[in-house]
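pasting the sequence and the predicted coordinates here, then a few questions.
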There are 2 protein chains.
Amino acid sequence: MIKQYLLSPGPTTVPERVMLRMAAPMIHHRTPQFSAIFAETREMLKQVHQTTQDVLMLASSGSGAMEASMVNFCSPGDTIIYVNGGKFGERWGKIAGKHGVTAVEISVPWGQAVAVTDVEAALNAHPDARGVFVQASETSTTTEHPIREIAALTRDRENCITVVDAITALGVIDMPMDDWNLDVVISGSQKAFMLPPGLATIAVSSKAWKLAESAACSTFYFDLKTERKNQQAGKDTTAWTPAASLVIGLNEVLKMMFEEGLNHLFARHKLLAEATRAGVAALGMKLVSSTPASSATGAFIPEEVDGAAFVKYLRDTMGVTFAGGQDDLKGRILRIAHLGYYDVFDIVIAMSAIEIALNRFGYPVQMGAGVAAAQQVLAERFDKV
Amino acid sequence: MIKQYLLSPGPTTVPERVMLRMAAPMIHHRTPQFSAIFAETREMLKQVHQTTQDVLMLASSGSGAMEASMVNFCSPGDTIIYVNGGKFGERWGKIAGKHGVTAVEISVPWGQAVAVTDVEAALNAHPDARGVFVQASETSTTTEHPIREIAALTRDRENCITVVDAITALGVIDMPMDDWNLDVVISGSQKAFMLPPGLATIAVSSKAWKLAESAACSTFYFDLKTERKNQQAGKDTTAWTPAASLVIGLNEVLKMMFEEGLNHLFARHKLLAEATRAGVAALGMKLVSSTPASSATGAFIPEEVDGAAFVKYLRDTMGVTFAGGQDDLKGRILRIAHLGYYDVFDIVIAMSAIEIALNRFGYPVQMGAGVAAAQQVLAERFDKV
């Protein structure tokens, strides 16, 4: 009997009450019963986005929403600017390539945030750019990009929007869509929304809808204008069959988020991230990112240790599933998630598992050092008596 | 307390053991653990399709698979032929329109099957057509189209494929993909696969893959060549994050199907359809279709009865959810499903509910007449003692 722990940055653990809610008998999605759930979910989604504008749900993974966030606002031949500082940033260029959109890359070393001045320079060099595409949190390097500052640059440019992949940021950090002038914000179900994968969300500003009027990229399934007509208040349905069980699960998840309170939710994620960073530092592991995310912490595995075997050992022998690295970082880093249904003792488990695994791999580690450092930070979660 | 019954042609009831399997804790989709489930599911899917060719899974509803079935095999400016005999047939034309594909419509009166000679004439008139797009079962009219005969027409045409929307046919009727030379076959999770919506499948023949090489429609998320590389045996993963809980549910569903046996599965659906037709006939209700499907039975609601109110009464007062009609058939028909997790007493409930509702609406009906006629047929499901 090896007890299993899911500590990867997506999928994340699904809370018991959400699993139970989704295990209830199916209901039909073209009924007032489902529409009531759908409408309530949509309104709660708006609150998480801190927006009064449209938030749509799509039956796809986050990659589908990434495509939707480009094809609905661009035409073939248009120019966009994108930040490539990791696996997900790179993807904007690939999507653009598939649709004949010219993608101007701002290449950023993995683990670093994009410099706002570089975005400004790109905008000045390409005044016709339809948008800047960026990750709020680049999951492959556990790095936050300065989306607020980027959105400030596009705000006064008439036909240019800021498109944010917030798949591992929404519900983690405070990123008020309307206050910050974010135009398109996408997310996915299997991250801070604590659900199985297969549902994506996309929020769209009125400025972005204006661009949509003249966008001529080809899509049928991801046509947001059609979705908007169906998903609007009063209609409360979807253009195509929704991922109904996940929408119902999302309804439950959002209720949990509001029971906790958004400010508390953001503070919890921040604290768990700080504790994790303190823990890995105490073990002598260096951070991958110079502007680390609150969703997950990437840390270099000691060079003496076979990184791929280390992650596999943690998962298959110890029952603790972390994520490893991708591409250049493959076999070199460990990504420790702390987004969604995570609290104090998940971080304790994470640090404990890393220490034990390092010990088993023959790496000199002081047992309990990482746990202790994390606990110093985590203790704040509890009142003194 | 009103007990609820879901008797609509999608979503259909999810079996208890499948709900339980999907309610288990999430596992990560980029692990050998998930890949083993994925590979087993893929191989079972091939058996349901009766093919040795590729069957891919997509995180989308069936509409996404419909788009995938066109954009991967066509280029803008190409011509295709499509059968429009209902809501879903009509959709082929809409998808083509979004991608600049010229769509030649074969218009068929709702409730009728397309004439094979009309397809042949269209193929002769458009020898450059890349494919014929057709529903195996047009759900909006509960009508079967002669897909085997259509595929025989395209078999020897070098650059022309038969694309079949089998969303309410796969797992219902015997439609061997390889024997019948079907080139592309799509399905969705919430029909005979007895799952919540959000997962689609698409099977692709080697002939279709050849066309894919020169297809230039734009898509990123639905790029099947990328999916094929990832989903092939040995890799056993997906290009984008899969709808993991539904894939796991599908694994369980397919095991149930093989425990029953495919021949038995097809025979059961055929018998339930016959019983339903006998039942509605005994109540004097006429069938919508002249070539009725085995997945669902469409029957005209007596003209004296307010059809929309009738369907609503059944759902909200009696707890029995059927589907009504769409477009021209709105308020005029009832669609009684019998695909997936349905057996003898589901049909008994359906007939009983219709009789009671007709009675409540003041329509003269002999109580038990429909049930009795259905039972005459259904009795065959049980051995004599």
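It's in. In this text, all values refer to a predicted model and were calculated from it rather than measured experimentally.

now do stretch A:12-24, average pLDDT.
Mean pLDDT, stretch A:12-24: 95.

buried residues, it. List them.
Neighbour-count burial for stretch A:12-24, counted by 16 or more other Cβ atoms under 10 Å in any protein chain shown, picks out A:12-15, A:18-19, A:21-23. Just so you know, the C-beta spots here come from the backbone N, C-alpha and C atoms, and that holds for glycine as well.

go on, stretch A:201-219?
For stretch A:201-219, by 16+ other Cβ under 10 Å, it's A:201-205, A:207-209, A:211-212, A:215, A:217-219.

how about stretch A:65-83?
Within stretch A:65-83, the residues scored as buried using 16+ other Cβ under 10 Å are A:65-75, A:78-83.

ok, and which of the buried residues of stretch A:12-24 reach chain B?
Residues of the buried residues of stretch A:12-24 in contact with chain B (Cβ under 8 Å from any Cβ of the partner chain): A:12-14, A:19, A:22-23.

list the helices and strands the one helix or strand residue A:247 maps to packs on?
Element membership of residue A:247 [criterion: DSSP states H and E] is helix A:244-260. For helix A:244-260, the packing partners by 3 or more Cβ pairs under 8 Å, 6 or more residues apart in numbering or on different chains; DSSP states H and E come out as helix A:16-22, helix A:32-49.

which SSE is immediately downstream of that helix?
helix A:262-282.

list the buried residues in that next one.
Under the neighbour-count criterion of 16+ other Cβ under 10 Å, helix A:262-282 has A:265-269, A:271-282 buried.

with stretch A:283-301 instead?
A:283-285, A:287-289, A:291-301.

figure out the length between the terminal residues of it.
Counting by Cα to Cα, to the nearest Å, you get 10 Å between the two ends of stretch A:283-301.

need the contact partners of stretch A:247-267.
Stretch A:247-267 is contacted from outside by A:14-15, A:17-18, A:21-22, A:24, A:27, A:34, A:37-38, A:40-41, A:44-45, A:47-48, A:57, A:171-174, A:189, A:193-196, A:199, A:268, A:294, using Cβ atoms under 8 Å, 6 or more residues apart in numbering or on different chains.

please check those and keep the buried ones.
When the contacts of stretch A:247-267 are checked against 16+ other Cβ under 10 Å, the ones flagged as buried are A:14-15, A:18, A:21-22, A:27, A:34, A:37-38, A:41, A:44-45, A:48, A:57, A:171-174, A:189, A:193-196, A:199, A:268, A:294.

next, residue A:133: secondary structure please.
Following DSSP: H, G, I helix; E, B strand; the rest coil, residue A:133 is assigned to strand.

quick check: the gap between it and residue A:222.
Separation of residue A:133 from residue A:222 (Cβ to Cβ, to the nearest Å): 16 Å.

show the contacting residues for the residue in the stretch 251-385 of chain A that chain B sits nearest to.
Here the stretch 251-385 of chain A gets closest to chain B at one residue, residue A:321, 5.1 Å apart by Cβ to the nearest Cβ. Residue A:321 sits next to A:4-8, A:314-315, B:27-28, B:31 when contact means Cβ under 8 Å, 6+ apart.
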